[in-house]
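Engineer: Next one to model:
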Amino acid sequence: MANVVVTLRIMPSNPSIDLSKIGVEAKKEIVKFCSSQEFKTSIVPIAFGLKALDIFFVMDESKGSTEELEKRIGHIHGIESVEVTDVRRAVG
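Structural biologist: Next comes the predicted model:
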């Protein structure tokens, strides 16, 4: 099986939430889910001062759906929603 690069978009419950703290907690859940150690994070402006956290990570596609991971991350305090916005096969 190949590796895939997954992009998760995490929306905070309000603009005052510290996205860096959420990122740390989300990465812990990702490691538990798929043992990934490769991450890239990006804070994306949405509208009216609200920002989202995008986390890019690599996992083996044989792991299957990320639904369970999304649920776990969604239970972190301060998160409104979590969704996979992109999945691509890694090349190389």
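
Engineer: so how far is residue 48 from residue 55?
Structural biologist: Residue 55 sits 23 Å away from residue 48, going by Cβ to Cβ, to the nearest Å. (Each C-beta comes from the backbone N, C-alpha and C, glycine too.)

Engineer: Would you mind telling me which of these two has the busier surroundings?
Structural biologist: residue 55 (20 against 6; other Cβ atoms under 10 Å).

Engineer: From residue 91, how far out is that one?
Structural biologist: Distance from residue 55 to residue 91, by Cβ to Cβ: 20 Å.

Engineer: for residue 48, same thing?
Structural biologist: 37 Å.

Engineer: Spell out the residue ranges of the strands in this structure.
Structural biologist: Counting by DSSP state E, the segments of the chain that form strands are 3-12, 39-47, 50-60, 79-89.

Engineer: could the ones you listed be laid out in a markdown table, adding distance to residue 32?
Structural biologist: Output for the strands of the chain, formatted as a markdown table (distance: least, Cβ to Cβ, whole Å):
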| stretch | distance to residue 32 |
| --- | --- |
| strand 3-12 | 14 |
| strand 39-47 | 14 |
| strand 50-60 | 12 |
| strand 79-89 | 15 |
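
Engineer: out of these, nearest to residue 27?
Structural biologist: strand 39-47 (5.9 Å; Cβ to Cβ).

Engineer: The closest one packs against which elements?
Structural biologist: helix 19-34, strand 50-60 (3 or more Cβ pairs under 8 Å, 6 or more residues apart in numbering; DSSP states H and E).

Engineer: Flag the shaky bits of the protein, pLDDT-wise.
Structural biologist: Scanning the chain for pLDDT under 70 picks out 92.
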